[in-house]
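Undergrad: can't give you the sequence, but here's the structure:
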């Protein structure tokens, strides 16, 4: 069986995801996010397979880096060198190596956002070409086929927001419970300790118990403040701090 | 005394510094570098002061990040908020805070290259506005005025280069000595150990003693290879490895 398998094009669009919310370190007033589409010439269900990827909120879109360094490397590579041993699908690891050619070592910074979003699109394409969900493909390749049927998640919210009072915070958390979440995370460290304690107690009224609540200071604290918060939070038996 | 002191404009130009040379990790076939000009409205010697900055070889130019995030923040800031307490010069720390507004913590990645090159241009402008060399300004501010009259430097070269033989390597190193350098650094780890030993011995013929030679594997080695090189290099009493 022969496939004319190659990446035909790769596109990025930077999407504004600006909002007035804030954590203890940054606000999101100019936040953007990259959405990546990896177009292949493989046809599934009558349409060319497209892999999609995006990056998380907080480090801004990285379309410029993609267009300057990573897309050109991918498109300049010999297509055969990007395939796995069967020749019937893309090899995400070979593509990763191609993207990172002539990049100095280390995994930090904007580059990891750019390459990570592309990598997500590659894996999405790989699963679509293989004709199965990605979780199943990963389980078959790396876990003897044993895929978890469920995965633990939590709702990450509780940001600071202009005019957001305790009632609005409670309402937000009640919304997560209504969606089926039992664990939630909220931001701390963007207000004084006493105010954060009031916010935490308000959320506890909703989620019922500290073991359903995690708090996130987003790296804002020095040792003294971190210790003071730790002491004050001890009594609530939180899921994590 | 009143100054109409503000940053009028900030510009970046990405300059190709591509070459066929390589270290153990990357080649520089598509390398670029950012050059930054910070234009102020302060006049010295009849001309507006311009601060210049650039980034080091190896992490590519970062003009896109500057134009997307860092220049807009700088130009949107209240000019008075970028001045030091005297109001007669820029404050590099306030400018740094402005550049890094709404950036998540950590100092890694492309962002540090972009902000670092801008920071260099800011300090250059600060020294020119103050009308003295930057080393003297820094010594006066942070070292009780005690500036070193000399600074130790070494010549960093000895890259891998297509067709570069031992004779060319010796010639390169002789050129550094002719320029007045006594210490040199060369790349290792881009060839087999035996070949690197021949290269090292060739350079030692020129510099005369291992204490004038440092070697740089650019993070290429795992533990075993690093140890093997360490054992083999012991006898040369190198300046560093």
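TA: Yep, that arrived. Every value quoted in this text rests on a predicted model; they were computed, and no experiment measured them.

Undergrad: which residues touch the helix or strand harbouring residue A:225?
TA: Residue A:225 is part of helix A:223-233, with elements assigned from DSSP states H and E. Outside of helix A:223-233, the residues that reach it under the criterion CB atoms under 8 Å, 6 or more residues apart in numbering or on different chains are A:188, A:189, A:193, A:196, A:197, A:200, A:215, A:217, A:221, A:241. Using the backbone N, CA and C atoms, a C-beta is placed for each residue, glycine as well.

Undergrad: now swap in stretch A:58-76 and tell me
TA: Where contact means CB under 8 Å, 6+ apart, the residues beyond stretch A:58-76 that reach it are A:7, A:9-10, A:12-15, A:26, A:28, A:31-34, A:36, A:55, A:82, A:95, A:98-99, A:101, A:103, A:110-111, A:113-115, A:117-118, B:60, B:64-65, B:68-69, B:104, B:110.

Undergrad: next one: stretch A:123-137
TA: Contacting residues not belonging to stretch A:123-137 are listed as A:5, A:38, A:40, A:42, A:44, A:49-53, A:88-90, A:92, A:147-148 [CB under 8 Å, 6+ apart].

Undergrad: Filter those down to just the ones in strands.
TA: When strands are assigned by DSSP state E, the members of the contacts of stretch A:123-137 inside them are A:38, A:40, A:42, A:44, A:49, A:50, A:51, A:52, A:53.

Undergrad: count of residues packed around the residue of chain A found nearest chain B?
TA: Nearest to chain B in chain A, going by CB to the nearest CB, is residue A:109, at a distance of 1.2 Å. The number of residues packed around residue A:109, counting by other CB atoms under 10 Å in any protein chain shown, is 21.

Undergrad: I figured it was touching residue B:108, is that so?
TA: Yes - Residue A:109 lies in contact with residue B:108 (CB atoms under 8 Å); the separation is 4.7 Å.

Undergrad: who touches both of those two?
TA: Residues touching both residue A:109 and residue B:108 (CB under 8 Å, 6+ apart): there are none.

Undergrad: Contacts only, for residue A:210.
TA: Counted by CB under 8 Å, 6+ apart, residue A:210 has contacts A:204, A:236, A:237, A:238, A:239.

Undergrad: Residue numbers of chain A in contact with chain B?
TA: Residues of chain A lying near chain B by CB under 8 Å from any CB of the partner chain: A:25-31, A:58-60, A:64-65, A:68-69, A:101-106, A:108-112, A:218-219.

Undergrad: Make a PyMOL selection of whichever of these turn out to be buried.
TA: Buried residues within these, as defined by 16 or more other CB atoms under 10 Å in any protein chain shown, are selected in PyMOL through the command that follows:
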select buried, chain A and resi 25+26+27+28+31+58+59+60+64+65+68+69+101+102+103+109+110+111+112+218
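
Undergrad: Okay, and which of the residues of chain A next to chain B map to helices?
TA: Secondary structure from DSSP state H places A:64, A:65, A:110, A:111, A:112 of the residues of chain A next to chain B in helices.

Undergrad: quick one on the thing from earlier: drop anything exposed from the ones in strands among the contacts of stretch A:123-137.
TA: Among the ones in strands among the contacts of stretch A:123-137, the ones that count as buried by 16+ other CB under 10 Å are A:38, A:40, A:42, A:49, A:50, A:51, A:53.

Undergrad: Determine which two of the residues you listed are furthest apart.
TA: A:42 and A:53 (17.0 Å; CB to CB).

Undergrad: Low-confidence regions, chain A specifically.
TA: Residue ranges of chain A with pLDDT under 70: A:1-4.
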